[in-house]
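next input, structure requested:
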Amino acid sequence: MSTLKLTLSRGDPLQTDFLATDKVLYTSDTITYSLALHGSRAKTTVTRRDAIGGSIQVGFIEWPANHHDRPRVVIRTRSVKMTKTGLYTSPEKFQAQDGRIYEWQIRNSRAQLIPLHAGRGVGYVATLLQTSQGFLKVWNRGSSASLFVPPEGLHILDDIVVTFVYFESQWRDGERHKARIGCLPALAT
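Got it, this is the predicted structure:
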């Protein structure tokens, strides 16, 4: 078995198709509410194509209206607790359907999912690579991005895709926030 390459059709993980060999395998779609609905400002639904071309909902993320609250992540019928593990960094861990704990991290400016407590020498089970004219760069309109999942991660593929959409969106929001703060003039003391 070889590594699965899921190419993202757009530069927004909340609104994209995940393509495998030019066929849509997963889709993320986000609906934003004009008024907060049950405390949520938006909901991202992740679907997977079945063998006959239909789609099956594999998970969703409810984005809270209050930015201090944590988003709710559900994979199939299982509520998944995403736990922030870094004080000033962005790693987040979760328990997958196989019972193991995994952690999304940013390494070398790219998202990687690693199994925790797996012992030495165990590599990633998913990584995002972004390219632009052949060089790794920040994900933008002129670049493409692909999520690579080696055979060791295929058994939790739904977990990987749903938590990737969550993690990448949270990380981007954090980076935008840092950029806004960095652009503000220093406060006088």
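
hmm, residue 117 is touching residue 99, no?
No: at 11.5 Å, residue 117 does not count as touching residue 99 under the criterion of CB atoms under 8 Å. C-beta: built from backbone N, CA, C; applies to glycine.

residues contacting the residue sitting nearest the centre point of the chain?
By CA atoms, centre = their mean, the chain has its centre lying nearest to residue 164, at 1.9 Å. Applying CB atoms under 8 Å, 6 or more residues apart in numbering, we find residue 164 in contact with 13, 104, 111, 113, 126, 128, 147.

these two touch, right, the fourth one and residue 124?
Spelled out, it's residue 113. Yes: assessed by CB under 8 Å, residue 113 is found in contact with residue 124 at 6.0 Å.

those two: which is more packed in?
residue 113 (25 against 19; other CB atoms under 10 Å).

can you tell me how far the closest residue to residue 72 other than its chain neighbours is from residue 111?
Nearest non-adjacent residue to residue 72, counting by CB to CB, 6 or more residues apart in numbering: residue 62, 4.2 Å away. Separation of residue 62 from residue 111 (CB to CB, to the nearest Å) stands at 21 Å.

the two: who's more crowded?
With neighbours defined as other CB under 10 Å, residue 62 and residue 111 compare such that residue 111 has more, 22 against 18.

ok, that one to residue 104 distance?
For residue 111 relative to residue 104 (CB to CB), the value is 6 Å.

now list whatever residues contact both of the two.
164, 167.

in this protein, where is pLDDT below threshold?
Across the chain, the ranges flagged by pLDDT under 70 are 36-38, 87-89, 118-122, 132-143, 177, 182-189.

make sure the residue nearest to residue 72 is actually in contact with residue 32.
No: with contact defined as CB under 8 Å, residue 62 and residue 32 do not form a contacting pair (11.9 Å).

ok so, going back, distance of the residue nearest to residue 72 relative to residue 42?
8 Å.

ok, now residue 94?
Residue 94 is 20 Å from residue 42, by CB to CB.

and the helices in this structure?
With DSSP state H as the criterion, the chain has helices at 157-183.

longest strand in this protein, please.
strand 23-37 (DSSP state E).
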